[in-house]
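Colleague: structure here, sequence nowhere to be found:
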């Protein structure tokens, strides 16, 4: 047996293991464990439920929680794609992140429409306090603009979505159809 044959045999047997036989189960286990184990310390600290006797600084906690989306669904999709489809599958998963398949109007909606909707919804929520509404301060507007792009791109399409829509949804839809697959994924 040559080295290439042995490597092919090992990679084939790896794809027939427990994780490969139950890819969705292990995807969800890794995704939730990766996210919640990271956030659990904060949730149990004095700033959260108060069950642990320490406080955590807000800025590092915010950064750590933001990174938890990469340690949850994204990393889980990366691992499970590697287990089930190998290196070629990982390449396909990563290429789907940068594939542009919609018209310019949807990009304009995402970049302009969503911020407008957020501002309008904030105003609607403030209707009870509209008399005391004094508008957005310049620091708040600047802060919003500086955080919008990283949160919008890293928090969605580059954070959790490769896991939920790139790995789990296609598999759920192939098992249960488009509607039921989406309805199963939604609550999860």
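Modeller: Structure received. Bear in mind that the values here come from a model prediction, so they are computed numbers and not experimental data. Numbers count the residues shown, from 1 in each chain.
Colleague: how about the contacts made by residue 173?
Modeller: Contact analysis of residue 173 by Cβ atoms under 8 Å, 6 or more residues apart in numbering lists 181-182. Every C-beta, even on glycine, is put in place using the N, C-alpha and C of the backbone.
Colleague: can we start the residue count at 32 from this point?
Modeller: All set: I'll call the first residue 32, so the last point we hit is now residue 204.
Colleague: within the helices and strands, which one has it?
Modeller: With secondary structure defined by DSSP states H and E, residue 204 is part of helix 200-207.
Colleague: now that helix, how far from the centre of its chain.
Modeller: Its chain's average C-alpha position is 18 Å from that of helix 200-207, according to Cα atoms, centre = their mean, to the nearest Å.
Colleague: next, the buried residues of it.
Modeller: By 16 or more other Cβ atoms under 10 Å, the buried positions in helix 200-207 come out as 200, 202-204.
Colleague: next one: stretch 63-80
Modeller: Buried residues in stretch 63-80, counted by 16+ other Cβ under 10 Å: 65-66, 69-70, 73, 76, 79.
Colleague: which residues of this structure score low on pLDDT?
Modeller: By pLDDT under 70, the weakly predicted segments of the chain are 32-46, 156-177, 180, 183-188.
Colleague: mind listing the strands for it?
Modeller: Counting by DSSP state E, the chain has no strands at all.
Colleague: what are the ranges of the helices in it?
Modeller: Using DSSP state H, the helices of the chain run over 34-45, 49-52, 54-75, 89-100, 106-128, 135-139, 145-156, 169-186, 192-194, 200-207, 209-216.
Colleague: quick one: the last one to helix 200-207, angle?
Modeller: Here helix 209-216 runs at an angle of 120 degrees relative to helix 200-207 (axes from the mean of the first three to the mean of the last three Cα atoms, to 10 degrees).
Colleague: which other helices and strands contact helix 209-216?
Modeller: Counting by 3 or more Cβ pairs under 8 Å, 6 or more residues apart in numbering; DSSP states H and E, the packing neighbours recorded for helix 209-216 are helix 200-207.
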